[in-house]
Structure formats: C-alpha cells, structure tokens
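> only the shape, not the letters, is given here:
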C-alpha cells in the first residue's frame, strides 16, 4: 500500500491504495498558458520540462483571448492530486458557443468529448511535495472561425465523484463535481485562418554534374515584405519534403527571408553532392547552402517535392502546403501542382528547372507545366518526351540553353521597379548606335555571325546605395529555338562585355559604357556555350567600396552620379528575330 501525507491546506481524504475500488481526486488543475505543468518541483523549486506545458500551442494573435491557426490540433495537459487517485480523464468541449457539460465521459447536448491519457508524474512543491499525475489530451482541428469552449474532469473507475476544475481557483476540495451547475471552469479559444505565406519553390534540380546527389531546392519570398518563419503548429519550422512525406530540410522558426529574397537547401554529401558553391551570390559570398541534407540520391529523379508551413509530417496536407512541384510521373498530387513538368533522364549535366521570370517575378499559375522552364548549359536533350526533344524545341515545355542560378539568403534581390532602364542616347532610335550596335566583324566562340550589343542607362531610385548590381536573363532567343535552318528567330549567347567610351549624339560629349561579366560557377559548371535563360551578368564597377549612390551630386560636372550605363553583349550564332529581357538584382 502506498500512502500520502496531506499538507495542511488539503481537504481530509481517506487514503487508499492504487488497487482500491474507490478514490477521489483532491483537485484537478489546468490553466490556459504556455507554462510548464511540472513547476515548482521538489526539492529545488525548479521546473521539470519533461512534463510538458498546460497548452502546447502558441497563442497566434495579439488580440484578447487565446487563438490558434486552422488546422492546428489543440494540445493540453492538466494535473491531478494525488497519484493513483484517478484513472479516467476527459475533456468536454463545444464548438457552437454553448457551455460544455458531461458526466463520467458522457457528453450532454452538443458537447463533444476527448479522452485524456496518463503522461507523467512529478513531486509538486505547492502540494507539500506530494506526487501528482499529469495527463495529456487534444481537441481535434476545427475550421477557421470556430470558438471552442472546454472543461476538464477526472474520476476513478472504482467509484467516487468526477471532479472538474472549478471556476474559482481551478483547485480545491471537491468544489465542482457537477458540470451542469456552472462551477466547472470553462476555457475558450478561437480558431483563425492561417495567414498566407508567400513562399514558393523557385528553382530545383534532381541530378547534376556530380550525379544523383547533386541536388538543390531554392525557396523564394514572392512578396514585398519580409517573411519570418513560424510553423502554424509549433513544430520546428517549414519543411521541404519529397513525395512520401520524408523531410529533406527544414527552414527553422525565426528565419527571416527578405522581401523578394531566397533560401537555399541542398544535398551536401561530400564529393558527390551540390556542386554550385562557387556561383556568385552577395558581396564576397557564393551560393552556399542555408540548409543541408545528405544521402545517396535523397531526391530521386522526377519525384515531387512540397514546402509545408509545418515540420510535423502528420500535418503534411493541402492546408499546410505552401507550394509543390513534380514531374508528370509523380502520382501523389500533394507533391505537384496541376500538370507536372516533363521527366528528365539521368545525364550528368549542369541543369535545373526554374520558374519563368519573364513576367518580372517568378510565375506561379498553380500549374507546374506552365510555370517551370528546363535549362541546361549544354542544351542537352535530357527531357524524356515522346518524339524526342526536337518535338518540343522552340516551345515553353522544351529544353532551353541556360544556367542554374541558385540563390541563398545573401544573394542580390530583384528590384526592377526601383532601377528603371532608359536609353543612353534618347534623341536617337533604340535600334541606333550607341543604344544598339550590331557588329558582324566581332566573331569568335559563340559569335559565328558577330555580336549584338544593347546599351541601357540604369538609375538608382532605391533610396540607398547599391553595392551589388547584376542582371538575370528572363527571356532570350537562343538554342535550340534559333538553331535550325529556316527558323525565324535568332540564336543569341550572352557574353562578357568591356568598358567603352563612345560619342554622345545627344548634345555632344561622350558616354562611358561599363562592361558586364557573365557569372559562372567553376568548371565543369561553367557556360561553354555562352549564357542563356536564367544566366546572370554583373557590373563589376559597383562594389561596397564604390557603390551606386541614390542621388546625383550637382557638383559633379558631366556625370549623373546615381546612373550607370551598361553593355549587354551577345554573340549571334544564328540570325533572325531577337528577344532579350532581363530582371535587375541588387544589394544595398
């Protein structure tokens, strides 16, 4: 027989053994807080965190009352004095605004009931160091807009009353043994809609030059506001998972992804993993991984992936999914959106699928086949399609010469609206020199028919110094679109350009035109065929030491300080109609 000594404040109880036919709880205690249940403990007045919290959820709003997101499960704990005095525990709850009531597990009216289970025990200093039970329960997910009310109760199956937490102190001496009298303390919480999180998968690859482990997934903040990661269910963060529910990496809670910024996760298996760490990113940084995972072929070829606003696989569903992309071979629609992208075959090439940025920002129509373009530095026929690659060449769903451009938290951010383009010589046509120069004599590698140079003035209207300036190719006529006899379109390849000083036809003087450098990862991930879709070129004269200022200095004669003129130079491998559009990426 196990006996307990009652402290002075306790009500008189008949002490019984765990095997007794009847026992009664001294009190049932719960509070709607995130405090730990097991505190203060004996003998140190400390906290036993293993006992968990009264409410495991996070209050999701600064408004009055407790609020959780839909579709969160509400997880709670309560304690009962003393150990063994009860063996049945219930939570009675309503979702229609009425007060809950019930008796010995039977709900009354519209009340529903959830069964609690034993969790742990601890020595409670507030109760004379007696051992008390901690039990755990949960209320199932409810739709947004629901108000939930609940009470908690406990009894012993051998006999005696059911004891509820009372309305005065949540404790004490059989003060509430009838849920219908109003003495049972009612707690309330509201279920609100999870706020939209504008994070999308913007670029990824299943297989690269290093083989099956050369994988990465890039996440993009598709909004003009910073996003702070905060899992709706209190889990570790936002998970990027592959079909079947296996998490590849988690973006931890508290991570801030800047407006229009990126986050990069990749397979870091030594020697065979992600191979683009030398691709340029921010000032003095490269495209290294913000989060890593390892494993042989961890993201198998053509398998779908999805980003969730939880790290708990039990909550991976369409409500928690932020974005997904998969191939047409992906059967689980949770891991793709609409029609999937074309499957690829396992060639060890420098390739990726990336969201079309021709609209200015990554396109997201909810249909993967419409939104993602396949790019490869060799223009390899890696797509697995009936009729082979030529059947799709020249279409959005076909192959495109281009380069992967993984971006991380340190990478420049798209600021198209704040850095407008104008003609360096506005008094002449956009097709005339120096605005546009066609040089048929400038032949060489990736320039069989010479070069085409497009010059533009960029003005810094960001309101701050620009210390890093680069341009990403959003649309271009290139291989294979313009590579075949009879094609009406040109085959252009983005090349390096150099500084030139040329006559200004508008008012006299000269124009200083800065060169741009094609950004490349080290071999074999460079771009031997020149740049194409998603390739980037940077202005090397803009640095931390020599930024592009936000305003003009009137004292500087002949120069507008917050402007730079740059030269986009392309090799002409095939003649025809040409398209060329870029987006602007900067760092302050």
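Received, thanks. Please read these numbers as outputs of a predicted model, since none were measured by experiment.
> list the contacts for the residue lying closest to residue 34 once chain neighbours are set aside?
Using Cβ to Cβ, 6 or more residues apart in numbering and skipping the chain neighbours, the partner closest in space to residue 34 is residue 53 (5.3 Å). C-beta coordinates here come from the backbone N, C-alpha and C atoms, glycine included. Residue 53 sits next to 33, 34, 35, 36, 37, 77 when contact means Cβ atoms under 8 Å, 6 or more residues apart in numbering.
> thought the second one was touching residue 52?
To tie it back to what came earlier, the one meant is residue 34. No - here residue 34 lies out of contact with residue 52, judged by Cβ atoms under 8 Å, at a distance of 10.4 Å.
> spatially nearest residue to residue 522, not counting backbone neighbours?
residue 278 (4.5 Å).
> wait, doesn't residue 69 sit right on residue 196?
No - in this structure, residue 69 is not within contact of residue 196 by Cβ under 8 Å, at 11.7 Å.
> do you know how far the residue nearest to residue 34 is from residue 272?
43 Å (Cβ to Cβ, to the nearest Å).
> ditto for residue 146
Taken as Cβ to Cβ, the span from residue 146 to residue 272 is 50 Å.
> do residue 215 as well
In terms of Cβ to Cβ, residue 215 sits 10 Å off from residue 272.
> between those two, who's got more neighbours?
residue 215 (29 against 15; other Cβ atoms under 10 Å).
> for the more buried one, give me the pLDDT.
pLDDT recorded at residue 215 is 98.
> cool, residue 5 as well?
26.
> with the one 3 residues further on instead?
Confidence at residue 8, expressed as pLDDT, is 25.
> over to residue 15?
So residue 15 comes in at 28 (pLDDT).
> residue 370 falls within a helix, correct?
Yes - per DSSP: H, G, I helix; E, B strand; the rest coil, residue 370 lies within a helix segment.
> neighbours of it, how many?
Around residue 370 there are 16 residues (other Cβ under 10 Å).
> now swap in residue 453 and tell me
So residue 453, with other Cβ under 10 Å, has 20 neighbours.
> stretch 358-368: which residues count as buried?
Residues of stretch 358-368 classed as buried: 358, 361, 362, 363, 364, 368 (neighbour count, 16 or more other Cβ atoms under 10 Å).
> now, which of those sits nearest residue 265?
residue 362 (16.8 Å; Cβ to Cβ).
> so the closest one touches residue 355, yeah?
Yes - contact status for residue 362 versus residue 355: in contact at 3.6 Å, counting by Cβ under 8 Å.
> need the overlap of contacts for the two.
With Cβ under 8 Å, 6+ apart, residue 362 and residue 355 have common neighbours 200, 202, 220, 371.
> nearest residue to the first one in space, please, no chain neighbours.
Closest residue to residue 200 apart from its sequence neighbours, by Cβ to Cβ, 6+ apart: residue 323 at 4.4 Å.
> re earlier: need the buried residues of stretch 358-368 in CSV (columns: secondary structure, distance to residue 226 and pLDDT).
Below are those laid out as CSV (DSSP: H, G, I helix; E, B strand; the rest coil; distance: Cβ to Cβ, whole Å; pLDDT from 0 to 100):
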residue, secondary structure, distance to residue 226, pLDDT
358, coil, 26, 92
361, coil, 16, 93
362, coil, 17, 96
363, coil, 22, 96
364, coil, 19, 96
368, helix, 27, 97
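> can I get the residues you listed in JSON lines with distance to residue 520?
Shown next, in JSON lines, are the buried residues of stretch 358-368 (distance: Cβ to Cβ, whole Å):
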{"residue": "358", "distance to residue 520": "22"}
{"residue": "361", "distance to residue 520": "24"}
{"residue": "362", "distance to residue 520": "22"}
{"residue": "363", "distance to residue 520": "25"}
{"residue": "364", "distance to residue 520": "28"}
{"residue": "368", "distance to residue 520": "28"}
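> show me which of these is closest to residue 180.
residue 364 (53.0 Å).
> which ones are touching that closest one?
Residue 364 neighbours (Cβ under 8 Å, 6+ apart): 200, 222, 323, 355, 371.
> most neighbours out of the residues you listed, which is it?
residue 355 (25 neighbours).
> residue 134 touches residue 36, doesn't it?
No - counting by Cβ under 8 Å, residue 134 stays clear of residue 36, with 10.1 Å between them.
> mind checking which of those two has more residues around it?
Neighbours around residue 134 and residue 36, counted as other Cβ under 10 Å, are more numerous at residue 134. The numbers are 23 against 19.
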